[in-house]
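> Fold the following for me, if possible:
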Amino acid sequence: MSSMFCRVLSLLVVFLGGLKASRPAVNQELSTLFNELWRLDVNRLSPGLDYTISVQGRASFVSQGSHVVRDHASQPLFSNVNEIKLKNMTTTSWFMKLLDNYEHSTGVTERVTTEEQNEINLFLDAVLQTEVMKRAHTYLVSKGKSNSDLRMFKRQLNLIWFNLYRRQRNTGLDSSGFEHVFVGETKSGAEIIGFHNWIQFYLQEKNSHLDYKGYKARDHDLPDQDDHVLNLQFSWHGLVKPVGSAFIGTSPEFEMALFTVVFLMNTERSTTVLVNIDQCQMELVVIRHGRSLGTAYPKLLSSNSRHVRQHSH
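A predicted model of the protein is given here:
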């Protein structure tokens, strides 16, 4: 079985941002850190062993806001996932409990119950006990971006990921970084925004709320069942996401650690960091919403170490 991190796509469509803009140099320091986090991610699931995906056909072009889309995947993306393993791992177990706590439509005020706040606390406690987040914390402390006190760091994570804010004007507090990135939202009943998590994708697909329409990739860079990043098209609650991107198989703490580091190491509203992780080169995109996270996602540029071979030539 392939041990590569990903092999998908070297060009994303305009929806995920223009790749023609001048690209920054590879951030070697963060690449080293993120490879370390990748190796520490013991809660990552293994393709073919813990889950099986079927990428099927290439999705067709769909303009943003369109509800009509041709289906190039007759079967679900996930043919099976070891749910027992997911439920037996503390972080993913608490993570899955959080997924049904949100109103998916922006403009609808979120109300956090005492029980839901308790679930957030237990999830953050579990994340902070992982080697992945411990290493990220150590790094952030060394850079003066986080307090060495775990309680203060937990408060910081809570502000970044779970602080409620207004995504639409003239509404109540209707969104958060966690909801946007991990759960997904719909905007004005016309489009899907956010939704960059594979566990949520699997659960929504299993419950027939989501229909996978096919992968997005160029001819010479086709995805397969071992890939740990995918670019895909899907419909959800009657709306279509022309192309979305997500890690596949990774733990919630790995994704949170990566995006938290990028968020705290930069102060611009929109940040793009170019990194090499395992055999893959990608941009990690983070957009702020004040002191909280607006959105965050991986943007794959090259895979199967192609960027290494090209550089050597």
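
> Quick check: the closest residue to Lys145 other than its chain neighbours vs Ser31, distance?
Nearest non-adjacent residue to Lys145, counting by Cβ to Cβ, 6 or more residues apart in numbering: Leu264, 4.3 Å away. Any C-beta I mention is one placed from the backbone N, CA and C, and that applies to glycine too. As for Leu264, its distance to Ser31 is 17 Å (criterion: Cβ to Cβ, to the nearest Å).

> can you check Phe263 too?
17 Å.

> Comparing those two, which shows the higher neighbour count?
Phe263 (24 against 16; other Cβ atoms under 10 Å).

> quick one: which helix or strand includes the more buried one?
Remark: Phe263 resides in helix 252-265, with elements defined by DSSP states H and E.

> other SSEs contacting that helix?
helix 28-40, helix 90-98, helix 114-128, helix 131-142, helix 150-162, strand 270-277, strand 280-289, strand 292-302 (3 or more Cβ pairs under 8 Å, 6 or more residues apart in numbering; DSSP states H and E).

> For Arg169, find the nearest of these.
strand 280-289 (13.2 Å; Cβ to Cβ).

> Distance from the closest one to the middle of the chain?
10 Å (Cα atoms, centre = their mean, to the nearest Å).

> For the stretch 1-150 of the chain, give me the ranges with low pLDDT.
Low-confidence segments of the stretch 1-150 of the chain, defined by pLDDT under 70: 1-23.

> let's go with 80 and repeat that
1-24, 64-67, 103-107, 109 (pLDDT under 80).

> roughly how far apart are Asn170 and Asn231?
34 Å.

> The two: which is more packed in?
Neighbour tally, Asn170 and Asn231, criterion other Cβ under 10 Å: the higher count belongs to Asn231, 23 against 6.

> so what's Tyr51 up against?
45, 78, 80-82, 202, 249 (Cβ atoms under 8 Å, 6 or more residues apart in numbering).

> Please spell out the ChimeraX selection for the buried subset of those.
ChimeraX command restricting those to the buried ones, with burial defined by 16 or more other Cβ atoms under 10 Å:
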select :45,78,81,202,249
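
> Of the contacts of Tyr51, which belong to helices?
Tyr202 (DSSP state H).

> a markdown table for the contacts of Tyr51, including distance to Ser60?
Below are these laid out as a markdown table (distance: Cβ to Cβ, whole Å):
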| residue | distance to Ser60 |
| --- | --- |
| Leu45 | 30 |
| Phe78 | 22 |
| Asn80 | 27 |
| Val81 | 27 |
| Asn82 | 32 |
| Tyr202 | 23 |
| Gly249 | 26 |
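
> Of the contacts of Tyr51, which is the nearest to Thr109?
For these, the nearest to Thr109 is Tyr202 (28.3 Å; Cβ to Cβ).

> mind checking pLDDT for the closest one?
pLDDT recorded at Tyr202 is 97.

> do you know how far it is from Leu86?
9 Å.
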